[in-house]
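In: pasting the sequence and the predicted model now:
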Amino acid sequence: AAALVATVGAIAALANFAAALFGQNADSVTDTFGASNSELGASLAISRVGVLLSLVATALADRRGRRRLLLVCFAGVCVANAVSAVAPGFIVFTGAQLLTRAFANAVLVIAGIAVVEEAPDGARAWSLAMIALAAGAGFACAVVLLPLSDLGAQTWRIAFGVSAVAIVFLP
């Protein structure tokens, strides 16, 4: 159970890190693509629609297996942020962030379910709290990397690239 909580916590941290990057780097992203505040607002709203897409993935977890869907969704987070890192325009970036949000939310929901189901009696709340703390740490990492976006016009892409490279932890 401890190994499961640790593994799922690491995945939750990396997924939440990936999901937090757009909000934290929004100014730098819009400056790069020359997007207006209204375009940024629309992009953020579109990316949040990913929550609805995550419902499909979480429903599939019951049929296809939680571990498999957790790994597929984690890989999806990494690939979507890789696309974000190299996006040639704001529309491609927005589409990639829609997928990042969908996959990240699916990871967080499936992780919570997996931990609660596998935790021993009397430790379910503690296990879920550890996942929540790990996810919060992932968000904090996105904030820590925020000064990178101030180093140059395109340096915000580094944080998205770091998120993409997290795919090496998939095995």
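Out: Sure thing, it's come through.
In: and the gap between Ala12 and Ile91?
Out: Using C-beta to C-beta, to the nearest Å, Ala12 is found at 29 Å from Ile91. Where you see a C-beta, it was placed from the backbone N, CA and C, and this is true even at glycine.
In: more neighbours: which of these two?
Out: A direct count of neighbours by other C-beta atoms under 10 Å for Ala12 and Ile91 places Ala12 higher, at 28 against 14.
In: now for the strand or helix carrying that one, which elements pack on it?
Out: With the criterion set as DSSP states H and E, the secondary-structure element containing Ala12 is helix 2-24. Other elements packing on helix 2-24 under the criterion 3 or more C-beta pairs under 8 Å, 6 or more residues apart in numbering; DSSP states H and E are helix 37-48, helix 66-86, helix 90-118, helix 124-144, helix 156-165.
In: against Ala111, how distant is Phe160?
Out: The span separating Phe160 from Ala111 equals 22 Å under the rule C-beta to C-beta.
In: so which bits of stretch 33-50 are buried?
Out: If you call a residue buried by 16 or more other C-beta atoms under 10 Å, then stretch 33-50 has these buried ones: 33, 35, 40, 43, 47, 50.
In: I figured the fifth one hits Phe90, correct?
Out: No: with contacts defined as C-beta atoms under 8 Å, Ser47 does not count as touching Phe90, sitting 11.7 Å away.
In: show me what the worst-scoring helix or strand of the chain on mean pLDDT is packed up against.
Out: Considering only helices and strands, the least confidently modelled element of the chain by mean pLDDT, DSSP states H and E is helix 50-64, at a mean of 83. Packed against helix 50-64, as judged by 3+ C-beta pairs under 8 Å, 6+ apart, are the following elements: helix 66-86, helix 90-118.
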